[in-house]
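> no sequence on hand, only this structure:
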């Protein structure tokens, strides 16, 4: 029996819910398939700046705000299990600075950024960062959400 690839979106002390969650999950699954990586389970947890700052301080000894923290929980080589914490506050701020106020575009960048870390990409050096950014752009270009035609009110 094949193992099921599973994504979960959670929130922690925030009311944020991603739009088009199923489309995002399908897109992210494509990222893992194109990179030829087997995903067992991936949890995305959306939280506030304060929550992620505390986690950054407690877990990584960093006293800075960040948009994302990725934890690789894999125990078996070749299977990916992870948790990715995302500050929606920071994504909103970064959208203003880097994405012309496009929150959804910046959110996609952060979602795929965390996935790429689990796959094995890093961004510590300038060269690694350039490779990571190219991969992010490549996969963001692949994202498509089918738009259903709107039905006027009062019709079926």
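That came through fine. Keep in mind it's a predicted model, so treat the numbers as computed, not measured.
> shaky segments in this structure?
1-5, 145-156 (pLDDT under 70).
> and residue 64, that's in a strand?
No: assigned with DSSP: H, G, I helix; E, B strand; the rest coil, residue 64 falls outside any strand and is coil.
> residues in contact with the most centrally placed residue in the chain?
The centre of the chain sits closest to residue 111, judged by CA atoms, centre = their mean, with a distance of 1.5 Å. Remark: with contacts taken as CB atoms under 8 Å, 6 or more residues apart in numbering, residue 111 is in contact with 24, 28, 44, 84, 86. Backbone N, C-alpha and C define where each C-beta goes, glycine included.
> tell me which element it falls in.
If you go by DSSP states H and E, residue 111 is part of helix 103-119.
> residues of stretch 60-73 that come out buried?
66, 67, 68, 69, 70, 71 (16 or more other CB atoms under 10 Å).
> those in helices, which ones?
Among the buried residues of stretch 60-73, none falls in helices (DSSP state H).
> just name the closest of the residues you listed to residue 124, please.
Ranked by distance to residue 124 (CB to CB), the buried residues of stretch 60-73 are led by residue 70 at 13.4 Å.
> beta partners of the closest one?
The partner list for residue 70 in beta bridges (DSSP bridges) reads residue 84.
> pretty sure it is touching residue 116, no?
No: applying CB atoms under 8 Å, one finds residue 70 not in contact with residue 116, separated by 9.1 Å.
> need the contacts of residue 111 in TSV with neighbour count and distance to residue 55, can you?
As requested, the contacts of residue 111 are arranged in TSV below (neighbours: other CB atoms under 10 Å; distance: CB to CB, whole Å):
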residue	neighbour count	distance to residue 55
24	21	22
28	22	22
44	24	14
84	21	12
86	26	11
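> before we move on, back to that, would you point out the most distant pair within the buried residues of stretch 60-73?
67 and 71 (15.0 Å).
> quick one, what contacts residue 45?
Residue 45 touches 10, 11, 12, 83, 84, 85, 86, counting by CB under 8 Å, 6+ apart.
> okay if I get those residues as JSON lines plus distance to residue 95?
Formatted as JSON lines, these follow (distance: CB to CB, whole Å):
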{"residue": "10", "distance to residue 95": "21"}
{"residue": "11", "distance to residue 95": "18"}
{"residue": "12", "distance to residue 95": "20"}
{"residue": "83", "distance to residue 95": "23"}
{"residue": "84", "distance to residue 95": "18"}
{"residue": "85", "distance to residue 95": "18"}
{"residue": "86", "distance to residue 95": "13"}
